[in-house]
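Undergrad: quick one, what's the 3D model for this:
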Amino acid sequence: MVACIHPTAIIDPSVRLAADVTVGPYSVIGAGAEIGEASRIGPHVVVGEHTRIGKRNTIYQFCSIGEAPQDKKYAGEATRLEIGDDNTIREFCTFNRGTAQDAGVTRVGSHNWIMAYVHLAHDCQIGNHVIFANNAQLAGHVHVGDHAILGGFTVVHQFCRIGAHSITAMGTILLQDLPPYVMASGNTAQPHGINAEGLRRRGFEPEAISAVKRAYKTLYKAGLSLAEAKSRIATEGTAQPVLLPLAEFLATPGRGIIR
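TA: Residues are numbered from 1 along each chain as shown. The predicted structure is shown next:
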């Protein structure tokens, strides 16, 4: 295939485009950007400088991808945004570059489905196979694990961690970390069981799902202190590998978990 660049698009001479990239009308691509094979940039999209977009991504109209971070400490450092492969990014999304106070890069993994009006602030680290429904809003430095799902209008405080296979309901306000496998809803977010249906759809065996349910009861229903629950889950994780991501998440310092 041959690249299809609309004549109204403005592309900096330093930009590196794969041979079959499509760029729609009135889109602007800034200095040092890189876009991989078979990616499609819709009309009226702005791709900021130092942004790397991988293969087979589709970015819909009116997105701002890789602009400067909304951080008063930002002083023009050459920070970056990196996007993996096979992502769908719908209309009016805004993804900011990183800051020098963190890793200097905002990262989005691969195979993600990101709906309209989603905001990813500076230094966010997004895994693979995540789904962000319309208007999910992430403050700076948020980390999101693989297969997480954020319901529409979910708002996440800066520095929060969202564990793999977790899910939030519409309008959830997360001010603390959401452990792997856990469902959450409310303002502020409260735990409501595990994402059992999501685990079944992803091929988890019934025994593994049962182990996760028992760990959830240990963490939230057994009347244990957080330290006691962490210790018990870590011990159970030696016999149940499905619990290792949960044990590791709980052992890593953060903002404290919803509980």
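Undergrad: quick check, Leu199 in a strand?
TA: No. The assignment for Leu199, made by DSSP: H, G, I helix; E, B strand; the rest coil, is helix rather than a strand.
Undergrad: distance of the closest residue to it other than its chain neighbours from Asp177?
TA: Leaving aside its sequence neighbours, Leu199 sits nearest to Ile209 (CB to CB, 6 or more residues apart in numbering; 5.2 Å). C-beta: built from backbone N, CA, C; applies to glycine. Distance, Ile209 to Asp177, using CB to CB, to the nearest Å: 22 Å.
Undergrad: tell me the buried residues in the longest helix that the chain contains?
TA: Longest helix of the chain, by residue count under DSSP state H: helix 206-220. Residues Ile209, Ala211, Val212, Arg214, Ala215, Tyr216, Thr218, Leu219, Tyr220 are the ones in helix 206-220 that count as buried (16 or more other CB atoms under 10 Å).
Undergrad: what's the closest of these to Leu250?
TA: Closest approach to Leu250 among these (CB to CB): Leu219, at 7.9 Å.
Undergrad: where does the closest residue to the closest one other than its chain neighbours fall, secondary structure wise?
TA: In space, and not counting its chain neighbours, Leu219 is closest to Ala229: 4.7 Å by CB to CB, 6+ apart. Assigned by DSSP states H and E, Ala229 belongs to helix 226-237.
Undergrad: what packs against that helix?
TA: Helix 226-237 makes packing contacts with helix 206-220, helix 244-251 when contacts are defined by 3 or more CB pairs under 8 Å, 6 or more residues apart in numbering; DSSP states H and E.
Undergrad: run the chain-centre distance for the first one.
TA: Distance, stretch centre to chain centre, for helix 206-220: 25 Å (CA atoms, centre = their mean, to the nearest Å).
Undergrad: what's that helix packed up against?
TA: Taking 3+ CB pairs under 8 Å, 6+ apart as contact, the helices and strands that helix 206-220 lies on are strand 190-194, helix 196-201, helix 226-237, helix 244-251.
Undergrad: not counting its neighbours along the chain, what's nearest Arg200?
TA: In space, Arg200 is closest to Ile209, 6.8 Å off (CB to CB, 6+ apart).
Undergrad: give me every residue that touches that neighbour.
TA: With contact set as CB atoms under 8 Å, 6 or more residues apart in numbering, Ile209 has these partners: Ile194, Ala196, Leu199, Arg200.
Undergrad: how many neighbours does the third one have?
TA: The tally of other residues near Leu199 (other CB atoms under 10 Å) stands at 20.
Undergrad: residue numbering should commence at 11 henceforth.
TA: In the new count, where the first residue is 11, that last one comes out as Leu209.
Undergrad: residue contacts, it?
TA: Per CB under 8 Å, 6+ apart, neighbours of Leu209: His175, Tyr191, Ala218, Ile219, Val222.
Undergrad: could those residues be laid out in CSV, adding distance to Ile69 and pLDDT?
TA: Below are the contacts of Leu209 laid out as CSV (distance: CB to CB, whole Å; pLDDT from 0 to 100):
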residue, distance to Ile69, pLDDT
His175, 26, 98
Tyr191, 31, 98
Ala218, 36, 97
Ile219, 36, 98
Val222, 35, 98
